[in-house]
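A.B. asks: Pasting the sequence and the predicted model now:
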Amino acid sequence: GFGMLLSVVTFIPFPQDFIKFGILHFFGISMIIYHFIRKLDRKYLLLIAVAAIIVGNIFDKMTVSVPYLFPIGLLNNSFSSLDYYPLLPWIGVFLFGAVIGKTFYKKRESIFKFEAPSIKILSYHSQHSILIYLLQQPILLALLYIIHKLL
């Protein structure tokens, strides 16, 4: 939903380059896909991850005439976007993370055996990361705009 919101918001000032399939679109779709394959054995997830990266790198060298295949990494000559993370190859990286999680965090507890002091600011940031991401974007863009106008 936030990815779609960013598409709408960036369309207003940048109708040619608005965010079509950015990092939030990618994570949202990847989490939905992972929901359906999460029970697969790690070796199959690893195989899918490697295949996704290979296919994505092949797609990266291709150009297609159809303008609507950009979510999977197939672009036409006129594609332009302010932020772009296609499913292929990036879902491969996402799945590597899932395999690492299934390998080292099977019991869903930290592999580090020391007790860290409670650091509230880190805890807050991790629990509100999407809000922080969404707020920092317009702030950074405004600062860059001001710097650009001053130079």
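C.D. replies: Looks like it arrived, so ask away.
A.B. asks: pLDDT averaged over whatever helix or strand residue 121 lives in - what is it?
C.D. replies: When elements are assigned from DSSP states H and E, residue 121 belongs to helix 120-127. Helix 120-127 shows a mean pLDDT of 77.
A.B. asks: and if you look at stretch 75-85?
C.D. replies: For stretch 75-85, mean pLDDT rounds to 96.
A.B. asks: So what touches that stretch?
C.D. replies: Contacts to stretch 75-85, defined as CB atoms under 8 Å, 6 or more residues apart in numbering, come from residues 6, 10, 14, 16-23, 25-26, 63-67, 69-70. In short, each C-beta sits where N, CA and C put it, glycine included.
A.B. asks: Between its first and last residues, how far does that stretch reach?
C.D. replies: Start to finish, the residues bounding stretch 75-85 are 12 Å apart (CA to CA, to the nearest Å).
A.B. asks: before we move on, what about stretch 57-73?
C.D. replies: Start-to-end span of stretch 57-73 (CA to CA) is 9 Å.
A.B. asks: Show me the shaky parts of this structure.
C.D. replies: Scanning the chain with the threshold set as pLDDT under 70 gives 110-119.
A.B. asks: Which residue comes closest to the residue positioned nearest the centre of the chain once chain neighbours are left out?
C.D. replies: Note on the chain: the residue nearest the mean C-alpha position is residue 23, at 3.3 Å, using CA atoms, centre = their mean. Leaving aside its chain neighbours, residue 23 sits nearest to residue 85 (5.0 Å; criterion: CB to CB, 6 or more residues apart in numbering).
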